[in-house]
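Asker: quick check, what structure comes out for this input:
(chains A and B)
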Amino acid sequence: MAAHKCSYSALLLIICSLSRFFVADSQETTLTGDNHAAAVDNPQTATETAGQTAEQPAVEERLWEATEEATPDDADTDKQDTSTPETTVPSSVPQPKDDFQEELVIRPLHSGDIYTSFQFRTLWETDFMRGNKVSHYRLFPKSLGQVISKFSVRELHISFTQGYWRTMQWGQPFLPSPPGAELWVWFQDSVTDVDGTWKELTNVLSGIFCASLNFIDSTNTVQPSASFKPLGIGNVTDHRFLRYATLPREIVCTENLTPWKKLLPCGSKAGLAVLLKSEKLFHSSFHSQAVHIRPVCQDWQCKTTSWELRQTLNVVFDLHTPGQGKREWSLFKMFSRTLTEACPLASSSKIYIDITDNPQGEQFEVSPATPLLSQAMVLGDRRTFSVYDLTQQITFGTVRSLNLLIRWKSSEGDMLRPLLHGERYVAGYGLQTGEIHTLMYNNHPYRSFPVLLLDSVPWYLRLYIHTLTVASKGKDNKPSYIHYQPSKDRVRPHLLEMLVQLPPNSVTEVTVQFERALLKWTEYTPDPNHGFYVGSSVISSLVPSIVAMDTNSTREQPLFSSFFPCKEESSYFVRVYTEPLLVNLPTPDFSMPYNVICLTCTVVAVGYGSLYNLLTRSFQIEEPSPGLAKRIANIIRKMRGVPPL
Amino acid sequence: MGNVVERRTRGSLRCCSFEVCGNMAGLELLSDQGYRLDGRKATELRKVQARMGVFAQADGSAYLEQGNTKALAVVYGPHEIRGARSRIRHDRAVINCQYSMATFSTAERKRRPHGDRKSTEMSLHLKQTFEAAVMTQLYPRSQIDIYVKILQSDGGNYSVCVNAATLAVIDAGIPMRDYVCACTVGFVDETPLADLCYAEESGGVSSLALALLPRGGQIALLQMDARLHQDHLESLIEAAMTACKGVDVTLETGSSVSKLYVTTDNNMGLLSDPNRRRALISLLTRLNAPICVVCYMAGVAWFMGLAFEPFTLRTYMSENAMGSTMVEERFPAGERALATGREFSAHKKKAGGMPVDWLVKTMQARGLEVFAQRFSRTLPFPDENKERYLVKGTNVYGILRAPRAPRTEALVLSAPCTPGDNNNQAVGLLLGLAQYFRNQVYWAKDIIFLVNEHDLIGMQAWLEGYHHTNTTGMDWSPLQGRGGSIQAALSLELSSDVITSLDLVLEGLNGQLPNLDLANLFYAFCQKIGVLCTIQGKLQRNDWDSVSGYSHSVQTMMLMVMKQASGRPWGDHGLFLRYHIEAATIKGINSFRQYKTDTTTIGRLLEGMYRKLNNLLERLHQSYFFYLMPSLSHFVSIGYYMPAFGLLAVILLLRALDLWVQLATPPPRTEDGVADTEQMSSPGVLSVLTPLVISHLTGVALYTLPIGFQEVAVEHFPVSETEAVVLTAIAVYTAGLALPHNTHRLLSGEGTEQGWKVLKLVAVLYLAVLLGCTALINFSLGFILALTLVPVAAFVTPHVPKVLSAFILVILSPACTLLFSVFFFQELQEMPVSFIDGWMLFLSVISQGILDHSLYGSLVYPLIALLVYPCWLLFWNILFWK
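Answerer: All right, here's what the predicted structure looks like:
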């Protein structure tokens, strides 16, 4: 019964993911290959042949001066595409089998913070799973390639995050991630011992990323039935091959950043990666780095597949200046570096600045100005970006370095109302029981939509699943699908997945009571009074878009907008992570054993000793001891050798 | 030297004596220390184990082990004589004995036919023995068969057989003159050895077997094979008789496992030794009253000694995370904070309460996430002190999100928005700190800046909202933003631009205290920054050795005790403690001292404290949770103050022991003593239960009536609601005093002497448990109650002078304790009041106590009403026992 339900609900996401990849991603990859060729060639020749391309790029890049229309129709964009120096066609140069792209998106947030998102993508047309060993690596990092082939990994997603993404102030991130470390892996269906492979894999990754991923074991690993579907091609959705684990306590620092940077083809020597200086990256409000590996289609028909390695780094800089001080930021201010060149190995290297909220330049002013603009659908919203192409020498100007600068003119920021966001907290007091509250907000004014809630709770919080309630607007909201796997003490955690319909403009509250378990004394962490973490719950949903999406699905899109596939144009996929929880368990006073030993010994000595005596002894009237005189007499008699009296 | 000589002389004696020496076979049968081969002492018997009725077919049977010798005895009869009728005796029964040894009974297996000479001889011996013991004349013309088989032989076969046969005869129900107990005795080194084992027997000791009828001391059989000097025979027989008596005792107790100690040289069982136990108990009962008095005095003296500085410990920072690193505090904006405070005050006046919009805007401008919470609460009756009944308000709080923190931990800084001109500076400073904190990069925990309206009620609403609990039935809107689990909180109260000192308030709800490290932290920063700091409004003094210095610290400690005992939150922090959040209130005090501190300095102090709290890796848990503070730099830990209470509590236990002993020792018996005690114990249950139930019902009335009947009272009497509540409480309390007189009407008979003792025993134990539990949770309350109730409990009987004792009892009742406490508290605060003012204060304290219970869940009022007062009524009952 449960399995049936599972497959039914999962269908939605599977279809969504698969179809999207057959369509959009394949387009993108061919085109990016073209771009690379164009960069090598003379751009002028490229423009001439541009008109012959049958495909239409999803990113329309055009001169802002050329047209004032904010939303040009398809015909217009076609024409403009021919005139842009950017759009390219395949040339006679043979395509290399691997390809590298880099990209930086900068989005000024409402709260006055700056969101910067780096994305690096390496594509490689190879097959790790074939019998012949892949030994020649060019752009693709060898360490990860070996991991893929050794452990038969089909998809691998790993993220390290320091901080919590403030959805209410910052909106949705391009790539969501929970605080701490998150790892989810789809294995090939040829893997027989998934758990064993998973265990090995986590240990290997732990070494590669210098993180404590080796703490992932059966007590924090779950197999979500519906929430995490493959994002690459492939049609196996049997969740026996999926493993998902989070380490909410993992602290991310420079030691994790360095190995991450080493995976880049240019390292941190050239290109956008020169900006990745840890002293500034960790001086921010939010820091998240991730690695995603998945197989993607190489072409339209998906005849050949290639492996995609995406490395992303999201940072939010806190540029709060109190009072009426001037607000401005620049690349130098944020990263203490400026850009001088693109990575020589990159086929494309661009900087996007989100100027959607600033169409007329009334909010802020960007310098140096760029003639290139681009539009893209990001998370159900049509955004406009200024584009700086680092492969062009013009971008760097006469000083041969690019230092983007934004000056704010007005400093008003209001709270965003993201369509979907979640919140979680522990209610109650005392150390015996408690209640986990998960709040899911649907801020859409008139549409309801379903969300998948995934909760993985460690075994030491014993969930009373009969107390599970789901209520929205004060009414009971019956989930259409519930997958619950009870925990086993010291073996596996609770897994709770639910498909809940969120009514429009409502808050849905999921509550479940729990009891705090008593741990064995060796199971406490070295700092037991700090508390124990419960990982974020995951809310995945197809959120109806505010903006109707283009029907034309063959466009090329920027990388940041093309991660989560989606089929239905009027909705987009969003994953929201709630806060992790810090729960105090009943903790003994560990200085106590000494006192306890003393006390126990005393009690045993006095109490048990007396009792034991009473139980085992029989009493007898004692012979009256002889008087003093008799005793003396006896001594004398003894000396005399006479028997005593 | 003398030792050697002595040994030599002994050796020569042994050599020249004609007896066969023990060491002939190379064995020393008796060591110099006086131990035998198997570790026994000379007179010690072997372990005896016996079972009776081992066979069902036989009329009587027994199995006996004496050391390793095991024998089985079976008795048939008395029955008709079988076989040769010539053996019939017309005046008595014939005893037929048969002795045999199992083939496996010795080390070498040997077939032992029935009729060997040794067995025949032994059978004859047995026969003679039992003919002497069994009352054969009762069974004329009949026969009694005794069959004995040695299953394992390890010396003393004869005696074991006799003993086993005795048990079997007893089992058969055949009357005997006495137990027949037999024992073998040997003679080695001038010493008689009791109960020989095989090794000793075969070692050539001259042994003597004796069967004794112990009660009369008659010898049933005496047998001796070897030669012995005539001089020794007497002592040997003496020893044998003693040993037989030992066997007798063992057999008589009938215990299956018994070990005989000839001497009790074991000190372990203090209580298991009946003599010592009896001595101890008699000592305790004899000296009960003096011991109680001494304990009481010692308890009070101990308590007073706690404030003496050499007896206390210096405070020290236990938490390492807050310890070593001291950084420069840089908060600069004191003046601006004061300006914000003035602005706040203006807006407060304009809004006539909490200026919600202004606060939200101001906090947002400082870069916080701002949320508001509305709440409303109807008090059970109007609070006349604060003049409020229907309370509606809004809390505003802003969360400073720590960079790169996952919202799991938070700290709270709160300032109450009070009506009038109070605390504006606190809110100003809070906003100033928020602004300053926002620009710092080092925060690892979210910081929540909370401005709560209607002080404690607002705080209660906010905390309940934050933790989504509802313990007191308040209405509040759910919170929108949270910061994870709160680690620590400080509440700030400032009412002037410049202060002279900062006062630290620790006492929270139900007498809970925050971890001592919080106080240490405050003290450390006051020292560092150079701010005068006080606790209970008292500065620290250095002259502890002078009388005034000592009395100063006693006053400080007593103030803390009084506040803690009241069980009410003495600042906004008090409500945090229930949620396991360490919290304290810091009050700015502006007195006429010379020393002035400006707001910037206080800001720096708070900055320092929050940076330290921010460093915490774990919740504050390293230092004490139970302590008293005679000054800010010294504390008394639970280990030091508990003995003071323990000395008082032990009085109750002693009295209980005394009563128990009195109840257990039967009164001097008359002829119908048995009937008497039965008569006494039968009304016991009822006579205890009735007063218990009645007094508790009175307690329930005291708990429920004041609030329940306020409307009725207001209708019929010209009083306000508050007065109605308080006066009803006093009326119920006083009415309770009259009840015990009528308790007896419910009882059938006269109250007996036994009856009141049982009741007092129950009441004393009840009080002991009650006070013990209270003192564990709230030491001060437990101690104050113990101070007054223990004397009552100890000395009240129906036989003391009625009027005087009744007066004393009333004086020491819980209500009067409260009244005295009010005066004492005022005295300690150096604000003495006249009796009328004190009485009014007393009334308001009662109403506050009831309000605290219903608003915040303080437990003192229900504790007093439902448990302590009924307990006291029990003693009142005993006084008027009829």
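
Asker: B:Ala724 - nearest residue in space that isn't next to it in sequence?
Answerer: B:Ala713 (3.7 Å; Cβ to Cβ, 6 or more residues apart in numbering or on different chains). Where you see a C-beta, it was placed from the backbone N, CA and C, and this is true even at glycine.

Asker: secondary structure class for B:Glu618?
Answerer: The local conformation at B:Glu618, judged by DSSP: H, G, I helix; E, B strand; the rest coil, is coil.

Asker: how about it, nearest residue that isn't a chain neighbour?
Answerer: A:Asn529 (3.7 Å).

Asker: neighbours of the residue in the stretch 501-650 of chain B that chain A sits nearest to, how many?
Answerer: Nearest residue of the stretch 501-650 of chain B to chain A: B:Glu618, at 3.7 Å (Cβ to the nearest Cβ). Residues contacting B:Glu618 under the criterion other Cβ atoms under 10 Å in any protein chain shown number 19.

Asker: can you pull the contacts of B:Leu463?
Answerer: Contacts of B:Leu463 were listed using Cβ atoms under 8 Å, 6 or more residues apart in numbering or on different chains, and they are B:575-576, B:578-579.

Asker: which one of those residues is nearest B:Thr285?
Answerer: Nearest to B:Thr285 among these: B:Arg578, at 45.2 Å, using Cβ to Cβ.

Asker: spit out the contact partners of the residue lying closest to B:Gly484 once chain neighbours are set aside.
Answerer: The spatially closest residue to B:Gly484, leaving aside those adjacent along the chain, is B:Thr408, at 4.0 Å (Cβ to Cβ, 6+ apart). Listed by Cβ under 8 Å, 6+ apart, the contact partners of B:Thr408 are A:531, A:533, A:579-582, B:484-485.

Asker: compare these and tell me which is most surrounded.
Answerer: A:Leu581 (26 neighbours).

Asker: can you pull the contacts of it?
Answerer: A:424-426, A:436, A:533-534, B:408, B:484 are the contacts of A:Leu581 under Cβ under 8 Å, 6+ apart.

Asker: any idea which helix or strand comes after the helix or strand hosting A:Val512?
Answerer: Using DSSP states H and E, A:Val512 falls within strand A:506-516. Counting by DSSP H and E, the element after strand A:506-516 in chain order, helix or strand, is strand A:532-534.

Asker: strand partners (parallel or antiparallel) of that next one?
Answerer: If you go by DSSP bridges, strand A:532-534 pairs up with strand A:581-583 (antiparallel).

Asker: so what's residue 375 scoring on pLDDT?
Answerer: Looking at chain A here, since you left the chain open. Looking at A:Gln375, its pLDDT reads 79.

Asker: actually, chain B is the one I wanted.
Answerer: Reported pLDDT for B:Phe375: 93.

Asker: does the helix or strand harbouring B:Leu521 reach chain A?
Answerer: Under the criterion of DSSP H and E, B:Leu521 resides in helix B:516-529. No. Applying Cβ under 8 Å from any Cβ of the partner chain, one finds helix B:516-529 separated from chain A by no less than 12.1 Å.

Asker: so how far is the strand holding A:Val512 off the chain centroid?
Answerer: Distance of strand A:506-516 from its chain centroid, counting by Cα atoms, centre = their mean, to the nearest Å, is 23 Å.

Asker: residues contacting it, please?
Answerer: Against strand A:506-516 from outside (Cβ under 8 Å, 6+ apart): A:427, A:431-442, A:453, A:457, A:460-465, A:467-473, A:477, A:496, A:498, A:500, A:502, A:583-586.
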